[in-house]
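>>> Okay, predicted coordinates and the sequence, questions at the end:
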Amino acid sequence: MAIKSYIEAVTDALADEMERDESIFILGEDVGVRGGVFRATAGLIEKFGEQRVMDSPLSESAIVGVSIGAAMVGMRPVAEIQFADFIFPAYNQIVSEAARIRYRTKSDWNVPLTIRAPYGGGVHGALYHSQSIEALFHHVPGIKIVMPSTPYDVKGLLKASIRDNDPVLFLEHKRCYRLIKGEVPEGDYTIEIGKADVKREGEDVTVITYGLMVHYALEAAETLAKEGISTHILDLRTIKPIDKEAILEATRKTGKVLIVHEDSKFGGVGGEVAAIIAEEALFDLDAPIQRLCGPDVPAMPYSPPQEKFYMLNPTKIADAIRELAKF
Amino acid sequence: MSKLNYKDLGLSDEQVLDMYYYMLLARKLDERFWLLNRAGKIPFVISCQGQEAAQVGAAYALDKTTDFIAPYYRDLGVVLVFGQTPTEIMMSAFAKPGDPNSNGRQMPGHFGGKKYRTLTGSSPVTTQFPHAVGAALASKMRGENSVAFTSTGEGSSNQGDFHEACNFAAVHKLPVVFYIENNGYAISVPLDKQLGNHNTADRAIGYGFPGHSIDGNDVLEVYQYMKQATERARNGEGPTLIEARTYRLVPHSSDDDDRAYRSREEVDAAKKKDPLITFAEYLRNAGVLTAEREQELNDRVAREVNEGTDAAEKAPFFDPEDALTHVYEER
């Protein structure tokens, strides 16, 4: 099996799917000749031509709105928003249109649209190139939100997203793009949207997380193993629909739950995970549910020490697990 | 009254009578909505009255077997031409099964329906503009000969989606017709407070495609310009923007009171230019709308409106729990 980077898995999935289905096309800023500012679409214009790898005007609401129109009449667009931070001009198109079109027509119309967007910090991106935006979409019925952590999951979940008949927000952690490498099988496979994955088995404390934080949690677990603390790590992979059964099972495994996300805490995905556990597994808990998240400030500053302060890291996660293990 | 000769536009006697039929049907359905609303039978009305010529003339220039439409909430005349029946329209007004627009989920006027090649619309205005551009893009990519039509009001033309859609379509020379029904008011806000330039067709210059401001009360002039625009689109020459100048004869909706923002004298003056009156007169003068034909048409429309109303009043509602379905694909 080949070792690939997270971003190579993105490119592979796109190329595979476009090869398979002619109705798939890519629309976004700089996705064509430049191959994307992160190079996620590198080589695709050469392979599929400028009509299927289409540079759009600098116009996010049109990228999504035009994609919705094309999707309704039978195409399967993959829209790229260059940075998740720039998705908000398209918020109305995503929330009022893409997410509601099936519901408001009782499936007469539907929107098979994938919207890819790099999110997350730790790349000196400051306030507008670092944000985690998932909470602002998590509340919205009608869309799915996929946030993979490994190259293997990226490929299988991106293929599944493109084949899905409903709109999927596919959020790629930009720090993972070249940092994270892993085994990716050649050829075709998909991973079911809505299924979490146990990334490490453990007995003492359960960590529920997603995205880059999965890797930080795995590092923390290595350190703690040497101290005799065994950590169970559940990677949500998809935050909407969320894998309730897997959350409850992981909770019951240890009775102590730490929810970790890079996004700020208030109103974040962690609150929903905590509520699910509180409603359905309260008596399986041996300690109060803990959340370790980004601070409740608008976004992370450019100042390097402040960015570092904002970001979670394996040490902070290890400290939180240790505290919970002691409870 | 129109100065155009319909025969010069390639229209037959039967076709102009058909156009008049759709205008009359739209008006009579709309009038019925208001009665039903005031009788407490339907919760909401959004009106097309006064804009029927702008709507029917535009839709009539399209090909309902190949083209896609993304109309706005007043476009009853457009969707009737594209095939929605009076009974279906009434099912929508009553929010009952058989409403092809939304299966009773959206307010009336939120048109849609795959079988009528009508993209679904919502309430946040002008979001349908990029959708029409997307349909046009798909048409171009697949080498089809279809045109996308999308419409909105002059107030809604100030939204960002209007600009983003026009620019995108211009860049790729897409087969789309952008249509503004300028009725002078965005609910209560008049042109003076809405537009720096009252001629919204001028905006087309900025995008690099043609724009025409036309008399939206003249169904034949509308047809003429729309026909040119669709031919341009089918020839691969790109989009056109058309502003149809018209007037809304009734309040914005059943919850509006237009006496707060416009004089009765102004409305009365507009009623003298009511496109239904002027087009009927034109057809009578042309010898097409004979007394006999007119009686026939009036009877047919009255019958269809009554039948639609009766069917919708009698129809059951969906089950309450049906509200939980079709959030995602159901397999």
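Thanks, I have it.

>>> Residue 14: neighbouring residues, count only.
You didn't say which chain, so I picked chain A. Other residues near A:Leu14 number 28, with proximity taken as other C-beta atoms under 10 Å in any protein chain shown. No exception for glycine: its C-beta is placed from N, CA and C like everyone else's.

>>> I was thinking of chain B, sorry if that wasn't clear
9.

>>> do B:Arg38 as well
Using other C-beta under 10 Å, B:Arg38 has 11 neighbouring residues.

>>> same question, A:Lys47
For A:Lys47, the number of neighbouring residues by other C-beta under 10 Å comes to 12.

>>> Is B:Arg203 part of a helix or strand, or is it coil?
Look at B:Arg203: counting by DSSP: H, G, I helix; E, B strand; the rest coil, its state is helix.

>>> now the helices: where do they sit in the stretch 51-200 of chain B?
B:52-60, B:76-81, B:86-94, B:128-141, B:160-171, B:191-194 (DSSP state H, counting those that start in this stretch).

>>> what helices or strands is the longest helix belonging to chain B leaning on?
The residue-count maximum for a helix in chain B (DSSP state H) belongs to helix B:13-38. Taking 3 or more C-beta pairs under 8 Å, 6 or more residues apart in numbering or on different chains; DSSP states H and E as contact, the helices and strands that helix B:13-38 lies on are helix B:52-60, helix B:76-81, helix B:86-94, helix B:219-234, helix B:275-285, helix B:291-314.

>>> can you tell which of the ones you listed is closest to chain A?
Minimum separation from chain A across those (C-beta to the nearest C-beta) falls at helix B:86-94, 12.0 Å.

>>> helices or strands up against the closest one?
For helix B:86-94, the packing partners by 3+ C-beta pairs under 8 Å, 6+ apart are helix B:13-38, helix B:76-81, helix B:291-314.

>>> which other residues reach the shortest one?
Taking C-beta atoms under 8 Å, 6 or more residues apart in numbering or on different chains as the criterion, the residues outside helix B:76-81 that touch it are B:22-23, B:25-26, B:29-30, B:48, B:51-52, B:54-56, B:58-60, B:62, B:64, B:69, B:71, B:86, B:89, B:109, B:111, B:113, B:116, B:118, B:149, B:151.

>>> repeat for the last one
Residues outside helix B:291-314 that contact it (C-beta under 8 Å, 6+ apart): B:17, B:20-21, B:24-25, B:28-29, B:32, B:36, B:41, B:85-91, B:93-94, B:96, B:98, B:280, B:284, B:289.

>>> From these, list just the buried residues.
Among the contacts of helix B:291-314, those classed as buried by 16 or more other C-beta atoms under 10 Å in any protein chain shown are B:17, B:20-21, B:24-25, B:28-29, B:32, B:36, B:85-91, B:93-94, B:96, B:98, B:280, B:289.

>>> so how far is stretch B:322-331 from its chain's centroid?
30 Å (C-alpha atoms, centre = their mean, to the nearest Å).

>>> Restricting the selection to alpha carbons, write that stretch to PDB.
Extracted C-alpha coordinates of stretch B:322-331, given in PDB (Å, rounded to 0.1, in the frame of the first residue of the first chain):
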ATOM      1  CA  ASP B 322     -44.900  14.200   7.400                       C
ATOM      2  CA  ALA B 323     -43.000  17.300   8.400                       C
ATOM      3  CA  LEU B 324     -40.200  15.000   9.600                       C
ATOM      4  CA  THR B 325     -39.500  13.500   6.200                       C
ATOM      5  CA  HIS B 326     -37.200  14.300   3.300                       C
ATOM      6  CA  VAL B 327     -34.500  16.100   5.200                       C
ATOM      7  CA  TYR B 328     -32.000  13.800   3.600                       C
ATOM      8  CA  GLU B 329     -32.300  11.200   0.800                       C
ATOM      9  CA  GLU B 330     -34.700   8.400   1.900                       C
ATOM     10  CA  ARG B 331     -33.800   5.000   0.800                       C
END
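
>>> Report whether that stretch contacts chain A.
Yes - under the criterion of C-beta under 8 Å from any C-beta of the partner chain, chain A is reached by stretch B:322-331 at B:325-330.

>>> okay if I get the residues you listed as TSV plus neighbour count?
Output for the residues of stretch B:322-331 next to chain A, formatted as TSV (neighbours: other C-beta atoms under 10 Å in any protein chain shown):
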residue	neighbour count
B:Thr325	14
B:His326	19
B:Val327	16
B:Tyr328	20
B:Glu329	12
B:Glu330	9
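
>>> Could I get those in TSV, plus columns for secondary structure and pLDDT?
Shown next, in TSV, are the residues of stretch B:322-331 next to chain A (DSSP: H, G, I helix; E, B strand; the rest coil; pLDDT from 0 to 100):
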residue	secondary structure	pLDDT
B:Thr325	coil	98
B:His326	coil	98
B:Val327	coil	98
B:Tyr328	coil	98
B:Glu329	coil	98
B:Glu330	coil	95
